[in-house]
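Undergrad: how would this look folded up:
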Amino acid sequence: MPSRLETARLTLRPWSDSDAEGHSALFAERGDGPLPVERSREIIATQLAAASTGIALLPVDRRDTGAFIGYCGLLVGRASLDEPEIAYELFRGAHGHGYATEAASAVLAAASATGRGRIWATVRTWNAPSFRVLEKLGFEHDHASADDRGELVWLTRALPRARRSD
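TA: Here you go, the predicted model:
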């Protein structure tokens, strides 16, 4: 997957050290408590290293303002390298504008161009906004499981087969 994607309103790009404060603030907004900026820098370094595999989360910026509004991309997560998981998280102030759907659509198109046939998504049962995004993108319920944080719904989407570009 390319390390830079552009849509009509968004740019998905490689991480930089200057993203650490925004990443930390996004994490804090989850309600999991503050994340030290140094820890955000470590996570960003891990994402930069992962980008060489074509499986990484990319910062999402609004093109009109350049503002960092979250991230979107692919990860192995609970899935696999051949059938990765899509993930996205945006600041609450960016919710309700179609940005998650737009960013995830670009990621799915890029994943399809690599020749991958299927993408997974996992969502907590309480996360109705993520279910709406995934429904718009054509994901379908596959199964449910549970872990120490509760129930997890697994969704999947077949991708059109394209020639591998990597």
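Undergrad: How about I44: what's its closest non-neighbour residue?
TA: W15 (4.5 Å; Cβ to Cβ, 6 or more residues apart in numbering). Bear in mind the C-beta positions are built from the backbone N, C-alpha and C, glycine included.
Undergrad: looking at it, that neighbour is touching T46, isn't it?
TA: No: between W15 and T46 there is no contact under Cβ atoms under 8 Å: 9.5 Å.
Undergrad: Between these two, which has more neighbouring residues?
TA: Between W15 and T46, counted using other Cβ atoms under 10 Å, the more crowded position is W15 (24 against 13).
Undergrad: With A146 as the reference, measure out to the more buried one.
TA: For W15, the distance to A146 (Cβ to Cβ, to the nearest Å) stands at 32 Å.
Undergrad: Check I119 too.
TA: I119 sits 22 Å away from A146, going by Cβ to Cβ.
Undergrad: So between these two, which is more surrounded?
TA: Using other Cβ under 10 Å, the more surrounded residue of I119 and A146 is I119, with 23 against 9.
Undergrad: what kind of secondary structure is the residue nearest to I44 in?
TA: coil (DSSP: H, G, I helix; E, B strand; the rest coil).
Undergrad: Mind pulling the model confidence for it?
TA: Looking at W15, its pLDDT stands at 94.
Undergrad: And for L134?
TA: pLDDT recorded at L134 is 98.
Undergrad: which residues touch it?
TA: L134 makes contact with A121, V123, L155, R157, according to Cβ atoms under 8 Å, 6 or more residues apart in numbering.
Undergrad: now the residues you listed in a markdown table, with distance to G33 and pLDDT?
TA: Output for the contacts of L134, formatted as a markdown table (distance: Cβ to Cβ, whole Å; pLDDT from 0 to 100):
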| residue | distance to G33 | pLDDT |
| --- | --- | --- |
| A121 | 25 | 96 |
| V123 | 22 | 96 |
| L155 | 28 | 97 |
| R157 | 33 | 97 |
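Undergrad: Tabulate those (TSV), appending distance to D19, secondary structure and neighbour count.
TA: Formatted as TSV, the contacts of L134 follow (distance: Cβ to Cβ, whole Å; DSSP: H, G, I helix; E, B strand; the rest coil; neighbours: other Cβ atoms under 10 Å):
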residue	distance to D19	secondary structure	neighbour count
A121	24	strand	24
V123	25	strand	19
L155	28	strand	22
R157	28	strand	18
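Undergrad: Okay, helices next: where are they in the chain?
TA: Assigned by DSSP state H, the chain shows helices spanning 20-29, 37-50, 99-113, 128-136.
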